[in-house]
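J.: pasted the sequence and its predicted model underneath.
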Amino acid sequence: MAGSNPYRISEVKNEELFREKILPKWLKKSGSNLRPVEHPTIVIIIGGQHGVGKSRTMGGVEREFSH
């Protein structure tokens, strides 16, 4: 396909690689203290030059996650 990225993988393959290759290594390194949580804490970091719309973006993020 013209313009396609040969390094891009499907969402399904991405999830499979994460669960089978990456997650087990991180869980092993952390010991067994990681557990699923019902309401995880979400941290969003917004950065950029002056005047690029960080405040406007933050307002949208707050609205999106407020419900």
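T.: Perfect, I can see it now. Numbers count the residues shown, from 1 in each chain.
J.: so what's T57 up against?
T.: I46 (C-beta atoms under 8 Å, 6 or more residues apart in numbering). The C-beta positions use only the backbone N, C-alpha and C, and glycine is treated the same way.
J.: elements contacting the helix or strand of the chain with the lowest mean pLDDT?
T.: Across the helices and strands of the chain, mean pLDDT, DSSP states H and E gives its lowest value to helix 23-29, namely a mean of 78. Helix 23-29 sits against no helix or strand, with contacts defined as 3 or more C-beta pairs under 8 Å, 6 or more residues apart in numbering; DSSP states H and E.
J.: helices of this structure, start to end?
T.: Secondary structure of the chain, counting by DSSP state H: helices at 11-17, 23-29, 54-65.
J.: could you dump the ones you listed into a markdown table and include distance to G48?
T.: Putting the helices of the chain into a markdown table (distance: least, C-beta to C-beta, whole Å) gives the following:
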| stretch | distance to G48 |
| --- | --- |
| helix 11-17 | 27 |
| helix 23-29 | 29 |
| helix 54-65 | 5 |
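J.: for the ones you listed, which one sits closest to E38?
T.: helix 54-65 (15.7 Å; C-beta to C-beta).
J.: and the average pLDDT for that closest one is what?
T.: Regarding helix 54-65, the rounded mean pLDDT is 90.
J.: hey, C-alpha coordinates of that helix in PDB?
T.: Output of helix 54-65 as PDB, limited to C-alpha atoms (Å, rounded to 0.1, in the frame of the first residue of the first chain):
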ATOM      1  CA  LYS A  54      -1.900  23.800  26.600                       C
ATOM      2  CA  SER A  55      -4.600  25.500  28.700                       C
ATOM      3  CA  ARG A  56      -7.200  24.800  26.100                       C
ATOM      4  CA  THR A  57      -6.100  21.200  25.900                       C
ATOM      5  CA  MET A  58      -6.100  20.800  29.700                       C
ATOM      6  CA  GLY A  59      -9.700  22.000  29.700                       C
ATOM      7  CA  GLY A  60     -10.700  19.400  27.200                       C
ATOM      8  CA  VAL A  61      -8.900  16.700  29.200                       C
ATOM      9  CA  GLU A  62     -10.600  17.700  32.400                       C
ATOM     10  CA  ARG A  63     -14.000  17.600  30.700                       C
ATOM     11  CA  GLU A  64     -13.300  14.200  29.200                       C
ATOM     12  CA  PHE A  65     -12.200  12.600  32.500                       C
END
